[in-house]
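In: predicted model follows, preceded by the sequence.
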Amino acid sequence: MKHLLSLERLDVGRTLALTVGSPSAHRRRTMLKHLVFMLLFMLSSLNVWGADVTTTWTASSGGLGSGIGSGTINTTVSGSSTTQSWSYTRTLSSGTSYTGWTSNCIQLGKNGGVEHLTLTTSNIPGTIKSVSIECSSHGGNHNVAISVGETSYLASTATASWTTVNAKSGTGTSSGTITISFTGGSRALYIKSITVVYNNDGGGSQQPTV
């Protein structure tokens, strides 16, 4: 009997010791909340700095204006709540100046007008993963090239022949000014959309504006 009482006292003592020495239920809940908050914060940071973002500019009637020379295209783009801004330089080798709207494309030049067009934007932060432009030209005679900073993403290549419109794309891992250049051609040039995929990995402080 003495041995049984001793064992009972020992078990009670151990239970009390464990109870006194362990964290309270409130403290455990508080620690768990802190851990969950830290995990959510880390996931949120990864989403901001680690995820690829896709923005697309889509042509609209009158979106490029009618003048030969230089200017800016402004429009709201999908994938971004801000305004996209592409600067352009447009020259005419022959024929007459013409800007039109057909089949959801901006049309530049016609009837023998040879268009040289350069589009640039430097408002996208981080790493530019890919640049794609939906375009076409009369007879497929215009060539298009894409670069980011000093890096070529797409060497000069022929566009599709109107009335086919397809995407010409380039990929890379550079940052800086995006340049899309059209050269050559014999008549009209058509532009439908521009899509940029980038990763805001801390390479810039601006918000995405394509």
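Out: Noted; the coordinates are in hand. Just so it is clear, the structure is predicted and the values come from calculations on it, not from any experiment.
In: can we go C-alpha only for contacts and neighbour counts from here?
Out: OK.
In: domain assignment for the chain?
Out: Taking automatic domain parsing as the reference, the chain has its domains at 2-50, 52-199.
In: burial measure for the closest residue to Ala51 other than its chain neighbours, as a count.
Out: Closest residue in space to Ala51, ignoring its immediate chain neighbours: Asn199 at 6.1 Å, by Cα to Cα, 6 or more residues apart in numbering. As a burial measure, Asn199 scores 22 neighbours (other Cα atoms under 10 Å).
In: so what's Asn199 up against?
Out: 49-53, 125-129 (Cα atoms under 8 Å, 6 or more residues apart in numbering).
In: just among the residues you listed, which is most surrounded?
Out: Each of the contacts of Asn199 was scored for neighbours by other Cα under 10 Å, and Ile128 scores highest at 25 neighbours.
In: which neighbouring elements make contact with the helix or strand hosting that residue?
Out: Using DSSP states H and E, Ile128 sits in strand 127-137. Judged by 3 or more Cα pairs under 8 Å, 6 or more residues apart in numbering; DSSP states H and E, strand 127-137 is in contact with strand 142-148, strand 166-174, strand 189-199.
In: convert stretch 185-192 to CSV, retaining C-alpha atoms only.
Out: Extracted C-alpha coordinates of stretch 185-192, given in CSV (Å, rounded to 0.1, in the frame of the first residue of the first chain):
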residue,chain,number,x,y,z
GLY,A,185,7.7,47.2,-96.5
SER,A,186,6.0,48.3,-99.7
ARG,A,187,2.5,49.5,-98.5
ALA,A,188,0.4,49.3,-95.3
LEU,A,189,1.5,48.1,-91.8
TYR,A,190,-1.0,46.8,-89.3
ILE,A,191,-0.7,46.6,-85.5
LYS,A,192,-3.2,44.9,-83.2
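In: output the below-cut-off pLDDT ranges for the protein.
Out: When residues are selected by pLDDT under 70, those of the chain lie in 1-23, 26, 34, 36-50, 61-70, 72-84, 93-96, 113, 202-210.
In: can you show me the helices along the protein?
Out: Remark: helices assigned in the chain by DSSP state H are 2-21, 25-50.
In: re earlier: which residues are contacting the strand holding Ile128?
Out: Residues from elsewhere that reach strand 127-137 (Cα under 8 Å, 6+ apart): 142, 146, 148, 153, 159-175, 185, 187-201, 203.
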